[in-house]
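**Student:** Have a look; sequence and predicted model below, questions after that.
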Amino acid sequence: MGAGEEVGKVASGLVTAMGSNPVLLGMVVVVLALIGMLFMTLRTASDVRKDEVRLIFEQQKQVQDILSRCVVPQQRGELELIPFPIPRPPEAGG
């Protein structure tokens, strides 16, 4: 007995069960519709998220380009070291 015959038997048994019980047929249709709606919703949400991430990266690149033109980095030797802990001024007392 081949795989095609087995599939045919299962399909005919399913059709017979569906024909004798219409509530079962309705439930299967509703479940398939819900699965389809869930798939479409998640696909749309994924596309929206992909577009949001792309826009965020584009904006970050624009901000980086603007800042790179505005801020002049100091030379390595010009860095001022801040002592830690910072000493209190004499007028603060203590």
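**Tutor:** That came through fine.
**Student:** Helices along this structure, start to end?
**Tutor:** For the chain, the helices defined by DSSP state H cover 3-20, 22-70.
**Student:** Can I get those helices in CSV including distance to residue 92?
**Tutor:** Where you see a C-beta, it was placed from the backbone N, CA and C, and this is true even at glycine. Putting the helices of the chain into CSV (distance: least, Cβ to Cβ, whole Å) gives the following:
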stretch, distance to residue 92
helix 3-20, 87
helix 22-70, 36
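**Student:** worst average pLDDT in the ones you listed?
**Tutor:** In terms of average pLDDT, helix 3-20 trails the rest of the helices of the chain, at a mean of 81.
**Student:** Just list what that helix packs against, helices and strands only.
**Tutor:** helix 22-70 (3 or more Cβ pairs under 8 Å, 6 or more residues apart in numbering; DSSP states H and E).
**Student:** packing partners for the helix it packs on?
**Tutor:** helix 3-20.
**Student:** contact partners of the helix it packs on?
**Tutor:** 24-25, 28 (Cβ atoms under 8 Å, 6 or more residues apart in numbering).
**Student:** By neighbours, which of the residues you listed wins?
**Tutor:** residue 25 (15 neighbours; other Cβ atoms under 10 Å).
**Student:** wait, what's in contact with that residue?
**Tutor:** Counting by Cβ under 8 Å, 6+ apart, residue 25 touches 18-19.
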